[in-house]
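A.B. asks: below: sequence and its predicted model.
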Amino acid sequence: MSNHHDSLLAEGWLPLLTTRYMGRGQVQVLHEATSTNTLLKQMALSGAPAGSLCLCETQTAGKGRLGRGWHSPAGQGLWLSVLLRPRIQPEQAPLVTLCAALAMAQAVNEVTGLDARIKWPNDLVLEGKKLCGILLEIGFGGEGIDYIVVGTGLNVRRGAYPAELAHQATSIEDHMAPPARRELLVRYLAALEETIARLEQGGFAAIAQDYRARSCTLGSTVKVSGSEDFTGTAEDIDETGALLVRDESGTLHRVLAGDVSVRGVMGYV
Ligand code: BTN
């Protein structure tokens, strides 16, 4: 249950916000939600401004990538969605995923000192186990992107993930006494505002160096599963956010999406 020392009520964190717009606008803090992404999407469609957010203590129908679910037990994590209306081209939308991963990795690192790494495109891992998942939902309008809902599920306490996932999931509490979730929230919102501004001004090139420095994928052996399956070495990320993987025959592949396993991470040996 929610613990009063770790409240997510807006009166506890709004005064700490250092942002211009991120985390402002319409702010919905709930005990229980079906999915914060679903709720925020509805708010986006009724005109909520960029920076609006929805967060809750527990989700009854938390959504993960690729149609999977997401465990969201009460008080154990940061189950959060933020609304963006970025001024970027529609084909740049996948880059927002990379921005969110970078912002969360920076926030975790700044608040806890832990070395959170990004598994391309957007999982955060700590010592090879998943700490945070990110799910983007994008709405297109007449003139391009109407809204992007960025949902993050950060495992703060050990109870965030079920025991049977302990071989591939982790939480901050598995490494240290966890900080108040509002500290992670405030730092994340600041970092997200900054990475999105950089993306709007300079494209991926503007965040590439910071993203690469936090990657646990570049330089590693990866297994790509999708329309074709192969193993290779992840060499770089291009300006569209695609992962460049050289297979064993020396051919370079541009991987846009799909499942990429990184050797040594989340159970791939
Ligand atoms: C993944 O599969 O890795 C993505 C998980 C994303 C979970 C978060 S929790 C807050 C937001 N609301 C949802 O329903 N999903 C995202």
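C.D. replies: Looks like it came in fine. Since the structure is predicted, the reported quantities are computational estimates derived from the model, not experimental observations.
A.B. asks: would you pull up the residue in the protein closest to the ligand?
C.D. replies: Gly133 (2.2 Å; Cβ to the nearest ligand atom). All C-beta atoms are positioned from the backbone trio N, CA, C, and that covers glycine.
A.B. asks: who are the contact partners of that residue?
C.D. replies: Counting by Cβ atoms under 8 Å, 6 or more residues apart in numbering, Gly133 makes contact with 64-65, 70, 122-124, 152-153.
A.B. asks: check contacts around Gly153.
C.D. replies: 62, 64, 70, 72, 77-80, 132-135.
A.B. asks: among the residues you listed, which are located in strands?
C.D. replies: Those of these mapping onto strands are 77-80, 132-135, per DSSP state E.
A.B. asks: what subset of the contacts of Gly153 is buried?
C.D. replies: Taking 16 or more other Cβ atoms under 10 Å as the criterion, what is buried in the contacts of Gly153 is 62, 70, 72, 77-80, 132-135.
A.B. asks: could those go into a markdown table alongside pLDDT?
C.D. replies: Formatted as a markdown table, the buried ones among the contacts of Gly153 follow (pLDDT from 0 to 100):
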| residue | pLDDT |
| --- | --- |
| Gly62 | 98 |
| Trp70 | 97 |
| Ser72 | 98 |
| Gly77 | 98 |
| Leu78 | 98 |
| Trp79 | 98 |
| Leu80 | 98 |
| Cys132 | 98 |
| Gly133 | 97 |
| Ile134 | 97 |
| Leu135 | 96 |
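A.B. asks: tell me the one among these nearest to Ala180.
C.D. replies: Ala180 lies nearest to Leu78 out of these, by Cβ to Cβ, at 10.6 Å.
A.B. asks: what's across from that closest one in the sheet?
C.D. replies: Leu154 (DSSP bridges).
A.B. asks: wait, isn't it in contact with Ala160?
C.D. replies: No: using Cβ atoms under 8 Å, Leu78 is not in contact with Ala160, being 9.3 Å away.
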